[in-house]
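Novice: next input, structure requested:
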Amino acid sequence: MKALSALSVEVRQYLLVTGNYWAFTLTDGALRMLVVLHFHTLGYTPLQIAALFLFYEIFGVITNLVGGYLGARLGLNRTMNIGLGMQVLALLMLTVPAAWLTVPWVMGAQALSGIAKDLNKMSAKSSIKLLVPDNQQGTLYKWVAILTGSKNALKGVGFFLGGALLALLGFTGAVLSMAAVLALIWLGSLVLLRRDLGKAKAKPKFRDMLSKSRAINILSAARLFLFGARDVWFVVALPVYLSTVFGWDFWLVGSFLAAWIIGYGIVQSFAPSITGKKSGHVPDGRAAFSWALALAGFPALIALGLSAGWSAQVVLLGGLMLFGVLFAVNSSLHSYLIVSYAKEDGVSLDVGFYYMSNALGRLLGTLLSGWVFQQYGLEACLWVSSGFVLLAALISIALPRHSTPAS
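Specialist: Here you go, the predicted model:
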């Protein structure tokens, strides 16, 4: 406690925001794995499972747009705490008797969880902009990378947790245990999170939700296709493929996807070092284009390897690891660029608009993951993924570039 009290207010708030984000992310990753595996065993088709996440992604799009406006008017502490509270409620909705777990009911719970997730995420990412001075872009990049990377590593732990809890406690017991722990964290956040965090000096108007920045609009379009490229094969197609084609059980599917997300998060945390921060450089539009272009060929190569009849486990699992490394760097670059481009007063407006595009990409990827996999198989999902990354790279050509290296 002495060590914590010796830290600056900004660092303490950063740790609290990060802790809230971590706790939320664990339940979010676990819940996604619980829903995919539980409803797959009940006989749902891949497209039906994708439909369960439809409202989760749709309301994520709406929440990021409106949430940025609310964060600027009410303060990021309130939007973060509202998100935590809503996730507790979404989890409790899934503890009803099995006969009540109809598709509309689960979709409703997922809608609430989608709102909660994006309120929490927007609040966490926006808060960092306010805690780091504008003239310390290297520090800003490092803090964003740590938050983003650690979040994804914990989402991977959440995938493992979801598979493990489903095997140990069953669906209802798993969801109830997560709701209880998150409720305690929510109560602590209500007391400790700073009241005025992120509130804009001038009350924003509703029309201010749409970004007026060319750079943010371009980056948002690139983000849409980047995350659509990941989710088009990762959300539904991959877990179902591992379960049906490889014959893996809950523990193995959850553990593998958890390991992938954890590794992906670790790479994100080290992205500043990978992209040249040690030599005094912070990334710009040129870096976003180059790294996206490097990623674009990997899904196509995996598809070609599967078509050629090579060992599916070697090609798919090995290719997925390499894809994860490059995707992590791309994601971390984007996360830094949006926080860097956003204006400080009302930062949540710009960040919310950007993550609206992120959620739209996830929505597109999730729907395509179920439909393309059911109709044409995993290889088709991989070709769509490759095309989406290529589009993200081409869009990134228009992003601003440094005239000289920035420190």
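
Novice: what's the closest non-adjacent residue to Leu26?
Specialist: Gly158 (4.5 Å; Cβ to Cβ, 6 or more residues apart in numbering). C-betas here are computed from N, CA, C, even on glycine.

Novice: for that neighbour, give its distance to Gln375.
Specialist: 30 Å (Cβ to Cβ, to the nearest Å).

Novice: which of the two has more residues huddled nearby?
Specialist: Taking neighbours as other Cβ atoms under 10 Å, Gly158 and Gln375 compare with Gly158 leading, 29 against 10.

Novice: host element of the more buried one?
Specialist: Using DSSP states H and E, Gly158 sits in helix 137-192.

Novice: same check on Gly247?
Specialist: Counting by DSSP H and E, Gly247 is part of no helix or strand.

Novice: burial measure for it, as a count.
Specialist: So Gly247, with other Cβ under 10 Å, has 8 neighbours.

Novice: residues contacting it?
Specialist: Counting by Cβ atoms under 8 Å, 6 or more residues apart in numbering, Gly247 touches no other residue.

Novice: backbone phi and psi for it, please?
Specialist: phi 70, psi 30 (degrees, to the nearest 10).

Novice: packing partners for the helix holding Gly158?
Specialist: helix 9-41, helix 76-93, helix 103-131, helix 250-269, helix 271-274, helix 312-341 (3 or more Cβ pairs under 8 Å, 6 or more residues apart in numbering; DSSP states H and E).

Novice: next helix or strand past that helix?
Specialist: Criterion used, DSSP H and E; the element after helix 137-192 is helix 214-234.

Novice: buried stuff in that next one?
Specialist: 215-216, 218-234 (16 or more other Cβ atoms under 10 Å).

Novice: and stretch 366-385, by the same measure?
Specialist: 366-374, 378-385.

Novice: again with stretch 28-47
Specialist: Buried, per 16+ other Cβ under 10 Å, within stretch 28-47: 28-40, 44, 46-47.

Novice: and what of stretch 314-324?
Specialist: 315-316, 319-320, 323-324.

Novice: of those residues, closest to Ala23?
Specialist: Ala23 lies nearest to Gly324 out of the buried residues of stretch 314-324, by Cβ to Cβ, at 23.8 Å.

Novice: now stretch 93-103: how far from the chain's centre is it?
Specialist: Computed by Cα atoms, centre = their mean, to the nearest Å, the separation of stretch 93-103 from the middle of its chain amounts to 26 Å.

Novice: and what of stretch 315-327?
Specialist: Using Cα atoms, centre = their mean, the offset of stretch 315-327 from its chain centre is 18 Å.

Novice: do the same with stretch 97-116
Specialist: In terms of Cα atoms, centre = their mean, the centre of stretch 97-116 is found 20 Å from the chain centre.

Novice: buried stuff in it?
Specialist: For stretch 97-116, by 16+ other Cβ under 10 Å, it's 101, 106-107, 109-116.

Novice: list the contacts for the closest residue to Val245 other than its chain neighbours?
Specialist: In this structure, Val245 finds its nearest non-sequential neighbour in Ala312, 7.1 Å apart by Cβ to Cβ, 6+ apart. By Cβ under 8 Å, 6+ apart, the contact set of Ala312 is 245-246, 306.
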